[in-house]
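Q: Sequence and computational prediction follow.
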Amino acid sequence: MNTPLLEVDGLKKHFPLRGGWLRRVTGQLRAVDGVSFRLQAGRTLGLVGESGCGKSTLGRAILRLQEPTAGRVLLEGRDITAMTPAALLAARRRMQIIFQDPYASLNPRRTVGQAIREPLDVHRIGTPVERDARVLELLDTVGLSARVRHRYPHEFSGGQRQRVGIARALALEPALIVADEPVSALDVSVQGQVLNLVARLQRERGIAFLFISHDLAVIQHVSDAVAVMYLGRIVEYGPAALLYREPQHPYTQALLSAVPMPDPARRRRRIVLPGEVPSPVASPAGCAFHPRCPRARALCRQERPELRSLPGGDPGSQVACHFPGPG
Ligand code: SF4
């Protein structure tokens, strides 16, 4: 197998909690708690889980927009986590992010042409004339007219703003884009257009995407492989088609049971999980999912299951469960 574009190894991001007069550390919020995976060039990994499971923090820790607490991130074989600020700035050319709310990530006082050009200015790529030409090319790539470059973000619809966000992310020709809930704030009709644009960019430009979403239907649309997160850890990982067809982890099965299926023959029995996702400050002992799991037994309360391939199962699939199997 080729060297992966991205290797994430035991990545953790903990936030210390402070209290009392002396602001002493009283606990840790374990937002990401030991995540490992690999992503090949030109592929899309969908990262899915309920709100608060740590998926957005994971995306930011991979890019070092938030400093990881432990673990390694290798991009094209180079350790991002060990880089100096200057080396990291250079490496950022190869990895970009698309945010959920493009409006918040765009400066309201700068035209969209200036916003798209900014990464080229920061990295001093090309002459000013070449940068302007590149802005026009990028607008065309994301389906926006050259005329709009003089307009301001507030003059755009949500879908158009997300296209601007994508054009800006493409400016430096990255190898990896972390797309953090990029369509969650958009109308369903516009979501499809943006997802098709992402799929086309992956196909035509060979960009790898880490596509983060709470919506399994959205993830299915764009992903080659899927990682399901629960309380800061991956609980199931595998090729998208197989994971959707034969999920092995009770949590994945519950999430999938809530996805509307147009074909009545393929509709799943709805599994309603009791309770809420526990706080990442006080994660349950053993399997963190055991208080909500319909399949939990004594072992689940005592021993944390590691992510592993199943004997005789698909070698590319892994599940963290003592008692995996079809629901
Ligand atoms: Fe459920 Fe036990 Fe599997 Fe955890 S290890 S998901 S509690 S069956």
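A: Done, it's in.

Q: contacting residues for the residue in the stretch 51-200 of the chain positioned nearest to the ligand?
A: Residue of the stretch 51-200 of the chain nearest the ligand, by C-beta to the nearest ligand atom: residue 53 (14.4 Å). In this view, the C-beta of every residue, glycine as well, is placed from N, C-alpha and C. Residues near residue 53 by C-beta atoms under 8 Å, 6 or more residues apart in numbering: 229, 230, 231, 232, 277.

Q: How about residue 79?
A: Contacts of residue 79 were listed using C-beta under 8 Å, 6+ apart, and they are 72, 73.

Q: likewise residue 186?
A: Per C-beta under 8 Å, 6+ apart, neighbours of residue 186: 158, 159, 162, 194.

Q: what's the longest helix anywhere in the chain in contact with?
A: Longest helix in the chain, counting residues (DSSP state H): helix 188-205. With C-beta under 8 Å, 6+ apart as the test, helix 188-205 has contacts from 42-44, 141-143, 157-159, 162-163, 166, 170, 173, 179, 182-183, 186, 207-209, 211, 218, 221-222.

Q: gap between it and the chain center?
A: Chain-centre distance of helix 188-205: 16 Å, with C-alpha atoms, centre = their mean, to the nearest Å.

Q: Which helix or strand lies directly C-terminal to it?
A: Using DSSP states H and E, the helix or strand that follows helix 188-205 in sequence is strand 208-213.

Q: That next one - what's its average pLDDT?
A: Averaging pLDDT along strand 208-213 gives 96.

Q: Can you point out the buried residues in the helix or strand that comes right after that strand?
A: Next in sequence after strand 208-213, counting helices and strands by DSSP H and E, comes helix 216-222. Going by neighbour count (16 or more other C-beta atoms under 10 Å), the buried part of helix 216-222 is 216, 218, 219, 220, 221, 222.

Q: Give the other helices and strands that helix 216-222 contacts.
A: strand 44-48, helix 188-205, strand 208-213, helix 240-245 (3 or more C-beta pairs under 8 Å, 6 or more residues apart in numbering; DSSP states H and E).

Q: and that helix, what's its mean pLDDT?
A: Rounded mean pLDDT across helix 216-222 is 90.

Q: and the helices and strands packed on helix 216-222 as a markdown table, adding mean neighbour count and distance to the ligand?
A: Shown next, in a markdown table, are the helices and strands packed on helix 216-222 (neighbours: other C-beta atoms under 10 Å; distance: least, C-beta to the nearest ligand atom, whole Å):
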| stretch | mean neighbour count | distance to the ligand |
| --- | --- | --- |
| strand 44-48 | 25 | 16 |
| helix 188-205 | 16 | 30 |
| strand 208-213 | 26 | 22 |
| helix 240-245 | 17 | 15 |
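
Q: lowest-confidence stretch among those?
A: Note on the helices and strands packed on helix 216-222: helix 188-205 shows the lowest mean pLDDT, a mean of 89.

Q: Let's see it as PDB, backbone CA atoms only.
A: Taking C-alpha atoms only, helix 188-205 is exported to PDB below (Å, rounded to 0.1, in the frame of the first residue of the first chain):
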ATOM      1  CA  VAL A 188     -31.100  21.000   1.900                       C
ATOM      2  CA  SER A 189     -31.400  22.000  -1.800                       C
ATOM      3  CA  VAL A 190     -28.100  23.900  -1.500                       C
ATOM      4  CA  GLN A 191     -26.400  21.200   0.400                       C
ATOM      5  CA  GLY A 192     -26.500  18.900  -2.600                       C
ATOM      6  CA  GLN A 193     -24.800  21.400  -4.800                       C
ATOM      7  CA  VAL A 194     -21.900  22.000  -2.300                       C
ATOM      8  CA  LEU A 195     -21.500  18.200  -1.800                       C
ATOM      9  CA  ASN A 196     -21.300  17.700  -5.500                       C
ATOM     10  CA  LEU A 197     -18.700  20.400  -5.800                       C
ATOM     11  CA  VAL A 198     -16.600  18.700  -3.000                       C
ATOM     12  CA  ALA A 199     -17.000  15.300  -4.800                       C
ATOM     13  CA  ARG A 200     -15.900  16.900  -8.100                       C
ATOM     14  CA  LEU A 201     -12.800  18.500  -6.500                       C
ATOM     15  CA  GLN A 202     -11.800  15.200  -5.000                       C
ATOM     16  CA  ARG A 203     -12.200  13.500  -8.300                       C
ATOM     17  CA  GLU A 204     -10.600  16.100 -10.600                       C
ATOM     18  CA  ARG A 205      -7.800  17.500  -8.300                       C
END
